[in-house]
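> Structure for this input, please:
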Amino acid sequence: MNNNNTAVEKDKAGLAFELNEKYKECKTETHEYLIGKQRCVVVRHYCGDKDLNEVLYHNAFERAFSEVMAMHRRPQTT
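Here you go, the predicted model:
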């Protein structure tokens, strides 16, 4: 039997409510995607808590690193 009233689920629901209240004035952006026959809705919340320069640097570094590693990866022979 599936019991959806566990303490953990109640805590998650309470946390989600608190976050919704905290960031309700922040800008949101909604996109819908179709994956197979499943419709998925993604809502982005912009709360302004991150340093944009730091995020852009991190993303650029990770992308460059993965591209360099892909170029230098040796093909595996079996």
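> residue closest to the middle of this protein?
In the chain, the residue lying closest to the centroid (Cα atoms, centre = their mean) is Arg44, at 8.6 Å.
> Where does it sit: helix, strand or coil?
Of the three states, Arg44 takes strand under DSSP: H, G, I helix; E, B strand; the rest coil.
> can you give me the helices for the chain?
7-22, 52-72 (DSSP state H).
> Out of those helices, point me to the one whose mean pLDDT is lowest.
Set side by side, the helices of the chain differ in mean pLDDT, and helix 7-22 is lowest with a mean of 78.
> Pull out the buried positions in that helix.
Going by neighbour count (16 or more other Cβ atoms under 10 Å), nothing in helix 7-22 comes out as buried. In short, each C-beta sits where N, CA and C put it, glycine included.
> one step back: export the helices of the chain to TSV and tack on distance to Tyr33?
Listed next are those as TSV, based on distance: least, Cβ to Cβ, whole Å:
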stretch	distance to Tyr33
helix 7-22	22
helix 52-72	21
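> do you know which of those helices lies nearest Arg39?
For these, proximity to Arg39 was assessed by Cβ to Cβ; helix 7-22 is nearest, at 21.3 Å.
> Quick one: distance of the closest one to the chain centre.
On the basis of Cα atoms, centre = their mean, to the nearest Å, helix 7-22 sits 18 Å off its chain's mean C-alpha point.
> same question, stretch 53-70
17 Å.
> Show me which positions of that stretch end up buried.
Buried-residue list, stretch 53-70, by 16+ other Cβ under 10 Å: empty.
> export it as PDB, just CAs?
Provided in PDB are the C-alpha atoms of stretch 53-70 (Å, rounded to 0.1, in the frame of the first residue of the first chain):
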ATOM      1  CA  ASN A  53      30.000  36.400 -13.500                       C
ATOM      2  CA  GLU A  54      30.800  33.300 -11.300                       C
ATOM      3  CA  VAL A  55      28.100  31.200 -13.000                       C
ATOM      4  CA  LEU A  56      29.100  32.200 -16.500                       C
ATOM      5  CA  TYR A  57      32.800  31.500 -15.700                       C
ATOM      6  CA  HIS A  58      32.000  28.100 -14.200                       C
ATOM      7  CA  ASN A  59      29.800  27.100 -17.200                       C
ATOM      8  CA  ALA A  60      32.400  28.200 -19.700                       C
ATOM      9  CA  PHE A  61      35.200  26.400 -17.900                       C
ATOM     10  CA  GLU A  62      33.200  23.200 -17.600                       C
ATOM     11  CA  ARG A  63      32.300  23.300 -21.300                       C
ATOM     12  CA  ALA A  64      35.900  24.000 -22.400                       C
ATOM     13  CA  PHE A  65      37.200  21.300 -20.200                       C
ATOM     14  CA  SER A  66      34.800  18.700 -21.500                       C
ATOM     15  CA  GLU A  67      35.600  19.700 -25.100                       C
ATOM     16  CA  VAL A  68      39.400  19.400 -24.500                       C
ATOM     17  CA  MET A  69      38.900  16.100 -22.800                       C
ATOM     18  CA  ALA A  70      36.800  14.800 -25.700                       C
END
